[in-house]
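*Asks:* sequence first, predicted model second:
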There are 2 protein chains.
Amino acid sequence: MDKDITIYDIAKGVGFSPTTVSRALNNHPAVNQKTKQRIYEIATQMGYRSNMFASNLRRQRTHTIGVIVPILNSSFQSSVMAGMEKVATEAGYNLIISQSMGTAEKEVANAKTMFNSRVDGLLVSLAHDTENIDHFEPFFKKGIPVLFYDRVAEHKQSTSIVIDNVQAAYKATTHLIEQGCRNIVHISGNLKINVYANRLKGYKYALIDHNLPFRESLVITNNLTEEDGIKAAEQILKMKPRPDGVFVSNDFCAVNCMKALKQAGISIPHDIAVVGFNNDPITRVVEPSLTTIDYPGYEMGEVAVRSLINYLDALSDISITNTITLRSELIVRESSLRKLQK
Amino acid sequence: MDKDITIYDIAKGVGFSPTTVSRALNNHPAVNQKTKQRIYEIATQMGYRSNMFASNLRRQRTHTIGVIVPILNSSFQSSVMAGMEKVATEAGYNLIISQSMGTAEKEVANAKTMFNSRVDGLLVSLAHDTENIDHFEPFFKKGIPVLFYDRVAEHKQSTSIVIDNVQAAYKATTHLIEQGCRNIVHISGNLKINVYANRLKGYKYALIDHNLPFRESLVITNNLTEEDGIKAAEQILKMKPRPDGVFVSNDFCAVNCMKALKQAGISIPHDIAVVGFNNDPITRVVEPSLTTIDYPGYEMGEVAVRSLINYLDALSDISITNTITLRSELIVRESSLRKLQK
């Protein structure tokens, strides 16, 4: 038997292009099942062997999808998980989730665990200090699809699912300007995280487009926690002239900042108008209710799993889709509505 | 050959402490490989046998711990996960988490996935309609430890980690009574879930001990969602005489109920005093701030993983520990404090 049978030999034998043969032998979803079957048979008859070919024939689906998230401590992440579960359950898949706790080191360990758990595919929202995505190479090499969502990375074999954070922040800031704010503070998370960096950009662009100066001194960067919200309020109260608007990069920090401002005697929205980000349930409970950006977490989870399963089922080709952008929208509530209250 | 060779005999034989021998035989990472090898050899020469020793020798650790939760949509569950991650990371373990979405059917699928992922141990908070725990039998049979937390089941080979829900609810209700409330509503979750059934008991016992009648008509059972809180407020407003206290089995429902009551013109706590459960961050943001039970989720997560790892490292014996009960405490805030405000 010829040990050196190549893909080109098989291509001649079956009358398909070498690309198609290669894809079929690697179980590429772009090749339909019937063609694959025919190519497998002929390849086997001709005595073709390769580890990859063998492993794909051998590999059974586990019907398990791995998810790596920074940390499960927000309504946003809960909503994403709920959307993922819905689609996964309907399609007969189970999710296993791991938290990177926001560190690249743990993300690397998580990737290994997921690989060893033989997941059929992986959904990842990156840690803020992840500087490269080499730890996902074993997946790419094995043809196991990896999709990024929310906190994303570029990779030619991967698709990213995002919202347009620049545009959303632009809308939020423009709304504050339209409500008469001229001196707007932005409270941001770690700027190494793409979503926060992009929201800062949107804030900046909105100011520039409305002929307002962008001042570094009005940008407060922290970790957007409860305490950070309270501290930010103290910083705002010390600023001269006193700011008249605050755009915060998450709701939880925003409501805590707002409460601290109120306790210091500031009237919201009359003295200072506040806008958050995410549309967490808390925004509807606080008083005044919080204007925010509706970040469609549930839909993001649905789209992420749907895309992954479509790829696994060969209904779509991951290598041609770079980015899927979901709609986000501004929800105006009492915390910023000054025009009607005056 | 003496069949009753013990760890103490081996310790004498090798000149190490019994702890080191125990750890070595259970493949504990704190014992170096060389020492382990020596202890293994001597233990084998001496004819030491134990299922645990054998199975640990056979089984390779994956250093992965599986977690099955009903749903990751609360601050409580996030805190539990954070506590688990902390201890797991420190001990060199990774967590993989799956959601049962509150159904026994999905919990069965999750258990299979976890088993196939070859987790070293499993931590479970049960779905409300889980009627038996046969789906964990494969773990028990293989000697893979299963611990239950929060929503627990009895099993002779398992430990449960809980708070005393009866006592916590008793404290919450007693506090309302001490604040002058005589007509106290209880808003509960699904009573098939042990934690809610126990909180109802605590509410009932507190009434009885204070010579107040227990009335079924004052117990509202729902799913403790945002909408349920608003609906419950409508029900309360229709009750005659109007209730003067509400004890709600979770904070999120409580704050939504409180807001709806306020919008209907009710003064909190003067007309109606409100107490929640969990001590979610939201309780500190709402106005008035919410009196609640501090449920130590973070500590529960820590204890659960610590117990599991101690068992894996043979530092503790799961079959002798039935239940670990953590302390919970009442945190009095503005929503119930009538005595000082009058």
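*Replies:* Happy to help now that I have it. Residues are numbered from 1 along each chain as shown, chains lettered A, B, ... in the order given.
*Asks:* write out the residues of the stretch 201-342 of chain A neighbouring chain B.
*Replies:* Applying the criterion Cβ under 8 Å from any Cβ of the partner chain, the portion of the stretch 201-342 of chain A that neighbours chain B consists of A:Glu226, A:Phe252, A:Val255, A:Asn256, A:Lys259, A:Pro281, A:Ile282, A:Arg284, A:Val285, A:Val286, A:Glu287. For the C-beta atoms, the positions are set from N, CA and C on the backbone; glycine is no exception.
*Asks:* by neighbours, which of these wins?
*Replies:* Ranked by the number of neighbours (other Cβ atoms under 10 Å in any protein chain shown), these place A:Val255 first, at 30 neighbours.
*Asks:* and what about that one, helix, strand or coil?
*Replies:* helix (DSSP: H, G, I helix; E, B strand; the rest coil).
*Asks:* list the contacts for it?
*Replies:* With contacts defined as Cβ atoms under 8 Å, 6 or more residues apart in numbering or on different chains, A:Val255 is in contact with A:Gly229, A:Gly276, A:Ile282, A:Thr283, A:Val286, A:Leu290, B:Val285.
*Asks:* can you check A:Glu299 too?
*Replies:* Applying Cβ under 8 Å, 6+ apart, we find A:Glu299 in contact with A:Gly83, A:Leu326.
*Asks:* just to revisit the earlier point, just flag the most distant two among the residues of the stretch 201-342 of chain A next to chain B.
*Replies:* When these are compared pair by pair using Cβ to Cβ, the farthest-apart members prove to be A:Glu226 and A:Arg284, with a separation of 18.3 Å.
*Asks:* out of the residues of the stretch 201-342 of chain A next to chain B, list just those in helices.
*Replies:* With helices identified by DSSP state H, the entries of those that belong to them are A:Glu226, A:Phe252, A:Val255, A:Asn256, A:Lys259, A:Ile282, A:Arg284, A:Val285.
*Asks:* ranges for the strands of the stretch 151-300 of chain A?
*Replies:* Read by DSSP state E, counting those that start in this stretch, the stretch 151-300 of chain A holds these strands, from start to end of the chain: A:158-163, A:184-188, A:219-221, A:245-248, A:273-275, A:292-294.
*Asks:* against which helices or strands is the fourth one packed?
*Replies:* This points to strand A:245-248. Taking 3 or more Cβ pairs under 8 Å, 6 or more residues apart in numbering or on different chains; DSSP states H and E as contact, the helices and strands that strand A:245-248 lies on are helix A:165-178, strand A:184-188, helix A:226-238, helix A:251-263, strand A:273-275.
*Asks:* mind running it again at 7 Å?
*Replies:* Contacts of strand A:245-248 with other secondary structure elements, assessed using 3 or more Cβ pairs under 7 Å, 6 or more residues apart in numbering or on different chains; DSSP states H and E, are made with helix A:165-178, strand A:184-188, helix A:251-263, strand A:273-275.
*Asks:* and the second one, how far out from the chain middle?
*Replies:* When you say that, I think you mean strand A:184-188. If you compare the mean C-alpha spot of strand A:184-188 with that of the full chain, they lie 22 Å apart, counting by Cα atoms, centre = their mean, to the nearest Å.
*Asks:* which residues touch A:Thr221?
*Replies:* For A:Thr221, the set of contacting residues under the criterion of Cβ atoms under 7 Å, 6 or more residues apart in numbering or on different chains consists of A:Ser188, A:Leu191.
*Asks:* bridging residues for it?
*Replies:* With beta bridges defined as DSSP bridges, A:Thr221 has these partners: A:Ser188.
*Asks:* before we move on, back to that, mind putting the contacts of A:Val255 into TSV with distance to B:Glu334 and pLDDT?
*Replies:* Below are those laid out as TSV (distance: Cβ to Cβ, whole Å; pLDDT from 0 to 100):
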residue	distance to B:Glu334	pLDDT
A:Gly229	19	97
A:Gly276	24	98
A:Ile282	18	94
A:Thr283	21	96
A:Val286	15	95
A:Leu290	21	98
B:Val285	12	94
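*Asks:* ok, so of those, who is nearest B:Ala91?
*Replies:* Taking Cβ to Cβ as the measure, A:Gly229 is the one of the contacts of A:Val255 closest to B:Ala91, at 33.1 Å.
*Asks:* so A:Ile220 touches A:Glu234, yeah?
*Replies:* No. Counting by Cβ atoms under 7 Å, A:Ile220 stays clear of A:Glu234, with 10.4 Å between them.
*Asks:* the strands of the stretch 151-300 of chain A: which one's closest to B:Ala11?
*Replies:* strand A:158-163 (53.7 Å).
*Asks:* next, count neighbours for the closest residue to A:Thr113 other than its chain neighbours.
*Replies:* Here the nearest residue to A:Thr113 in space, its sequence neighbours aside, is B:Asn94; by Cβ to Cβ, 6 or more residues apart in numbering or on different chains that works out to 4.5 Å. Counted with other Cβ under 10 Å, the burial measure for B:Asn94 works out to 23 neighbours.
*Asks:* from A:Val305, how far off is B:Asn94?
*Replies:* With distances defined as Cβ to Cβ, to the nearest Å, the gap from B:Asn94 to A:Val305 amounts to 22 Å.
*Asks:* grab the nearest non-local neighbour of A:Asn116.
*Replies:* Nearest-residue entry for A:Asn116: B:Thr62, 6.5 Å, with adjacent residues in sequence omitted and distances by Cβ to Cβ, 6+ apart.
*Asks:* next: A:Gly189.
*Replies:* Using Cβ to Cβ, 6+ apart, the nearest residue to A:Gly189 is A:Tyr196, at 4.1 Å.
*Asks:* what sits against the one you found?
*Replies:* For A:Tyr196, the contact set (Cβ under 7 Å, 6+ apart) comprises A:Ser188, A:Gly189, A:Asn190, A:Ser249.
*Asks:* next one, pLDDT for it please.
*Replies:* In the prediction, the pLDDT value recorded for A:Tyr196 is 96.
*Asks:* ditto for A:Leu57
*Replies:* Taken from the predicted model, the pLDDT recorded for A:Leu57 is 47.
*Asks:* now swap in A:Ile230 and tell me
*Replies:* What the model reports for A:Ile230 is a pLDDT of 97.
*Asks:* look up the closest residue to it, ignoring the ones flanking it.
*Replies:* Once flanking residues are discounted, A:Ile230 sits nearest to A:Ala260: 4.6 Å by Cβ to Cβ, 6+ apart.
*Asks:* equivalent analysis for A:Ser158, please.
*Replies:* Nearest one to A:Ser158, counting by Cβ to Cβ, 6+ apart, is A:Val146 at 5.2 Å.
*Asks:* what is the burial count for that neighbour?
*Replies:* By other Cβ under 10 Å, the residues close to A:Val146 number 25.
*Asks:* shouldn't it be in contact with A:Phe139?
*Replies:* Yes. In this structure, A:Val146 is within contact of A:Phe139 by Cβ under 7 Å, at 5.0 Å.
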